[in-house]
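In: Sequence first, predicted model second:
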Amino acid sequence: MLSEDAMPTTAIQIGLDAEVIDYDSPDFAQFAGLTEEGLRRANDDNLAGLRAAGYEVDNCLIGFGPAGIETARRCLTAKRYDAVLIGAGVRLVAGNTLLFEAIVNAAHVSQPGARFVFNQGAASTPKDIRRWYPDPARVADPTIEVA
């Protein structure tokens, strides 16, 4: 049980909606074996894992282009977040550079105290957020650097 002055770490996970991806395109060929069902399951599993670990996480699934940017902005302004997780499909696909840039800039404006958290592979785990927020029941000091 959290004390009254403790606040759980809040995070938003922003990623591509599994329905909008062309899995046969060269852009997504780098993610071997990626399928719509697999991506949907990975997204759901990551949310469940983060929540089971004690983090308060919202999910924001987006499309491409201006509509995706607007969806991300809407999600980012809904409430305050300690961490902004941006999925590999947004970050690691060269064709999504402008989408990624717009999301980072929107997060920078709407969530100025938030840390960015990036997964190191096609699947995220609670270990990614723990680099910055090791205890989900406490918000980390934003002035502390990770080694």
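Out: That came through, no problem. Not measured: the values here are computed from a predicted model. Numbering: from 1, shown residues only.

In: Contacts made by the helix or strand hosting Leu98 with the rest, please.
Out: Secondary structure assigned from DSSP states H and E places Leu98 in helix 97-110. For helix 97-110, contacts defined as CB atoms under 8 Å, 6 or more residues apart in numbering pick out 14, 62, 64-65, 68-69, 72-73, 76-77, 84, 86, 90-91, 114, 116. Where you see a C-beta, it was placed from the backbone N, CA and C, and this is true even at glycine.

In: With stretch 46-54 instead?
Out: Under CB under 8 Å, 6+ apart, the answer for stretch 46-54 is 8-9, 11, 13, 57, 59, 123-126, 129, 136-137.

In: What residues sit buried inside it?
Out: 46-47, 49-50 (16 or more other CB atoms under 10 Å).

In: Dump that stretch to CSV, restricted to CA.
Out: What follows is stretch 46-54, C-alpha atoms only, in CSV (Å, rounded to 0.1, in the frame of the first residue of the first chain):
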residue,chain,number,x,y,z
ASN,A,46,4.0,-5.3,-22.2
LEU,A,47,1.2,-3.3,-20.7
ALA,A,48,0.2,-6.3,-18.4
GLY,A,49,3.9,-6.7,-17.4
LEU,A,50,4.3,-3.0,-16.5
ARG,A,51,1.0,-2.9,-14.6
ALA,A,52,1.8,-6.2,-12.7
ALA,A,53,5.2,-4.6,-11.8
GLY,A,54,3.3,-1.7,-10.2
